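S.K.: all I have is the shape, not the residue letters:
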């Protein structure tokens, strides 16, 4: 390593140290974080009747209507989350974040168009860009924080679209809209390392649709799905 390189490295280290000192003085922090999501879908039990293009119910064996029962599962799905955060303030602070997050869940479709009902489990996994805007209070190393989160869909597995295609006439629009929710939780800071545990819920649905334009029995006319999850992350303060 030549003298110029050593001098450049020394300058960079000095600048970072100075920036870090000023950030601590002003109560500003910037860092990266990553962890896991434990999530599941909520939608309740929905009893549906399938319709043809003319709005008439399909007929199954012995002239009976074809009906499907969609049931939510209480199984959780594990996904990953990671991104950056900033913190403005010391005792009372504001913490915006930008995270790439993978979530999911599962539900069952009980098809009764055969002589014997057939149960199918549909596993859902999708990715979001989550943007929480949190307000918190810090006492020593312990923090409590809460606030809204906006989520933008960036991808989902094909099975979700295949499973819902028969239930909606505008699936792409239903799946592409931003959703809004909340996060609340607590954290602890030990030096430059932070640990956070949060509960995340939804204000809006990740999907809301009718059965080929026809109302769904037992669901107030629509099937609505929301996501709820627990999030555990480790963070590293860079400055």
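M.R.: Done, it's in. The structure displayed is predicted, hence computed values, not measured ones. Numbering: from 1, shown residues only.
S.K.: which regions of the chain lie under the pLDDT threshold?
M.R.: Applying pLDDT under 70 to the predicted model, the residue ranges of the chain that meet it are 1-26, 44-47, 60-63, 112-116, 156-177, 206-225.
S.K.: buried stuff in the longest strand seen in the chain?
M.R.: Among the segments of the chain that qualify as a strand by DSSP state E, the longest is strand 118-139. When neighbours are counted by 16 or more other C-beta atoms under 10 Å, the buried residues of strand 118-139 are found to be 122, 124-128, 130-132, 134, 136, 138. C-beta here means a position set from N, CA and C on the backbone, and glycine is covered the same way.
S.K.: that one pairs with which strands?
M.R.: Each strand that pairs with strand 118-139, with its direction, by DSSP bridges: strand 92-111 (antiparallel), strand 142-156 (antiparallel).
S.K.: before we move on, the earlier item: ok, the buried residues of strand 118-139 vs residue 69, which is closest?
M.R.: If you rank the buried residues of strand 118-139 by distance to residue 69 using C-beta to C-beta, residue 122 comes first, at 13.3 Å.
S.K.: distance of the closest one from residue 70?
M.R.: Residue 122 sits 9 Å away from residue 70, going by C-beta to C-beta, to the nearest Å.
S.K.: joint contacts of the two?
M.R.: Overlap of the contact sets of residue 122 and residue 70 (by C-beta atoms under 8 Å, 6 or more residues apart in numbering) consists of 107-109.
S.K.: just the buried residues of those residues.
M.R.: Buried subset of the shared contacts of residue 122 and residue 70 (neighbour count, 16+ other C-beta under 10 Å): 107, 109.
S.K.: which of the shared contacts of residue 122 and residue 70 lies closest to residue 180?
M.R.: Distances from residue 180 to these, taken as C-beta to C-beta, are shortest for residue 107 (22.1 Å).
S.K.: beta-bridge partners for the closest one, please?
M.R.: Listed beta-bridge partners, residue 107: residue 72, residue 122 (assigned using DSSP bridges).
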